[in-house]
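Undergrad: coordinates only, no sequence provided:
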Ligand code: PLP
């Protein structure tokens, strides 16, 4: 209590005490007592190259010494152009123009506003509703929270949220529409897709501006990839009803799932890709969106080239310097190769752990974005009560043992289902993967012994 009373920081949880981190080395964080935490979730799936890379720190310091702030309403820097070009060239063909923000929420906010302006200025003035998915997270601002499905956070602000619509995302392992996977495969009549069309028609296509989705669902579902073909069907619907398709790669972008963007794996061309986290490997607050030429042409023709939007820190030089340096490290260190190698290894080790612990009902994911579904008993198919906060408690045990994971809830329909994301830095080595699995194994054993008491 004494510490809480003397603490001027407004923490997320005012009653909780947080370890004070003094520094980081590679995949480890070290607190003021010298305790080491293996960062098995890259912070918030953001510190994708681990900690303490002098090259990135020096690039940021050099830029800060040259020009600390340049207002992009009036000026630009060469580094801004270089970073935009690098990102534009990594993105799918036809997505070329890059707009910068500081965080992923702002990136999604920008994308949804751009979709609205694009339609309005082309004479489709009623198109304003965004359709999102229950098992999704797009950020914490009112717009991004309105589009996302974090039920707890939404509930706290319900009267303030925008009137956006939601469908369920595919979760074939426990279909929220109660369909059987084999049945869907044989007749190609997927409720997770027909429900999108039903929603569009119910709202009136003339009112629907955008559809937003994560390619592989992160924090709200625990690294769940879509069934093959899902996004092709979504793309068709968006084309049919003139709806802007926004793919939120804030968590998946820049190699996390084994390709530069997970969009490459879902085999579609979105209208907008939003990104964040990994672009600067967490060294600076940096995010943004990559926009399809069609939208840019629309803006030039119908809006006099002006996007009615903007942030003070858009394209901040020090953040941009961090981004350029981080992307350089990804490339030079052939990080993508490591993601595939260590991702496969981690996945297989987790499958072994599933044999041992009946708390694990499912192991899924791509690259180094892997999730496990946690249940009370796999054999009996007994779920945890959400109030039990099983994933949070398991992570608490792991932190005691020296590793930190990314716990989450709501994987099944936005309200039920517990999961843990395992997403170490993309340059993690085999020894660290083994340590992650060992600590998770021990944590599950301790969790079990506590459950029995
Ligand atoms: N979109 C996705 C998929 C995310 O995972 C997150 C953050 O976890 C966000 C958006 C929001 O990003 P930020 O917290 O940087 O605003």
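TA: Arrived safely. Note that this is a predicted model, so its numbers are computed, not measured.

Undergrad: okay, CA-based contacts and neighbour counts for the rest of this
TA: Noted.

Undergrad: who touches the one helix or strand residue 56 maps to?
TA: Using DSSP states H and E, residue 56 sits in helix 54-66. For helix 54-66, the surrounding residues in contact (C-alpha atoms under 8 Å, 6 or more residues apart in numbering) are 283, 317, 318, 319, 321, 322, 325, 326.

Undergrad: chain neighbours aside, what residue packs nearest to residue 46?
TA: By the measure of C-alpha to C-alpha, 6 or more residues apart in numbering, the closest residue to residue 46 outside its immediate chain neighbours is residue 277, 4.4 Å from it.

Undergrad: quick check: phi and psi at the one you found.
TA: phi 30, psi -90 (degrees, to the nearest 10).

Undergrad: and it, what is it in contact with?
TA: When contacts are counted by C-alpha under 8 Å, 6+ apart, residue 277 touches 45, 46, 47, 103, 104, 250, 251, 285, 286, 287.

Undergrad: what is the neighbour count of the residue lying closest to the last one once chain neighbours are set aside?
TA: Spelled out, it's residue 287. Nearest residue to residue 287, sequence neighbours excluded (C-alpha to C-alpha, 6+ apart): residue 276, at 3.7 Å. By other C-alpha atoms under 10 Å, 30 other residues sit near residue 276.

Undergrad: wait, isn't residue 276 in contact with residue 99?
TA: No. Using C-alpha atoms under 8 Å, residue 276 is not in contact with residue 99, being 11.4 Å away.

Undergrad: before we move on, the earlier item: quickly check the contacts of helix 54-66 for the two that are furthest apart.
TA: By the measure C-alpha to C-alpha, 317 and 326 form the most distant pair in these, at 14.1 Å.

Undergrad: where does the nearest residue to residue 88 once chain neighbours are set aside land on pLDDT?
TA: Leaving out its chain neighbours, the residue that sits closest to residue 88 by C-alpha to C-alpha, 6+ apart is residue 96, at 4.6 Å. We have a pLDDT of 98 for residue 96.

Undergrad: residues contacting residue 348?
TA: By C-alpha under 8 Å, 6+ apart, residue 348 lies in contact with nothing.

Undergrad: so it is in which element?
TA: According to DSSP H and E, residue 348 maps onto helix 335-356.

Undergrad: over to residue 153?
TA: In this structure, residue 153 is located in helix 151-156 according to DSSP H and E.

Undergrad: I'd say residue 109 and residue 145 touch.
TA: No. Look at residue 109 against residue 145 with C-alpha under 8 Å: they stay out of range, at 9.5 Å.

Undergrad: show me where the stretch 151-300 of the chain has its helices.
TA: Ranges of helices within the stretch 151-300 of the chain are 151-156, 181-187, 191-203, 230-240, 263-266, 293-302, based on DSSP state H, counting those that start in this stretch.

Undergrad: take those and write them to TSV, including mean pLDDT, mean neighbour count and distance to the ligand.
TA: Listed next are those as TSV, based on pLDDT from 0 to 100; neighbours: other C-alpha atoms under 10 Å; distance: least, C-alpha to the nearest ligand atom, whole Å:
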stretch	mean pLDDT	mean neighbour count	distance to the ligand
helix 151-156	88	14	13
helix 181-187	85	11	25
helix 191-203	98	17	20
helix 230-240	98	16	16
helix 263-266	97	18	13
helix 293-302	98	16	21
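
Undergrad: dump those helices to TSV, plus distance to residue 211.
TA: Below are these laid out as TSV (distance: least, C-alpha to C-alpha, whole Å):
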stretch	distance to residue 211
helix 151-156	18
helix 181-187	22
helix 191-203	9
helix 230-240	8
helix 263-266	15
helix 293-302	15
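
Undergrad: and this protein, which residues reach the ligand?
TA: Residues of the chain lying near the ligand by C-alpha under 6 Å from any ligand atom: 103-105, 137-139, 214, 218-219, 248-251.

Undergrad: closest to residue 394 among the residues you listed?
TA: Distances from residue 394 to the residues of the chain next to the ligand, taken by C-alpha to C-alpha, are shortest for residue 219, at 16.0 Å.

Undergrad: got the contact list for that closest one?
TA: Contacts of residue 219 by C-alpha under 8 Å, 6+ apart are 136, 137, 406, 407, 408, 421.

Undergrad: any idea which residue sits dead centre in this structure?
TA: The residue lying closest to the centre of the chain (C-alpha atoms, centre = their mean) is residue 251, at 2.7 Å.

Undergrad: does it really touch residue 278, like I thought?
TA: Yes. Taking contacts as C-alpha under 8 Å, residue 251 lies within contact range of residue 278: 7.3 Å.

Undergrad: find the residues that touch each one of those two.
TA: By C-alpha under 8 Å, 6+ apart, the residues touching both residue 251 and residue 278 are 45, 46.

Undergrad: identify the bridge partners of whichever residue of the stretch 351-453 of the chain sits closest to the ligand.
TA: Closest to the ligand within the stretch 351-453 of the chain is residue 406: 10.5 Å, counting by C-alpha to the nearest ligand atom. Using DSSP bridges, the bridge partners assigned to residue 406 are residue 421.
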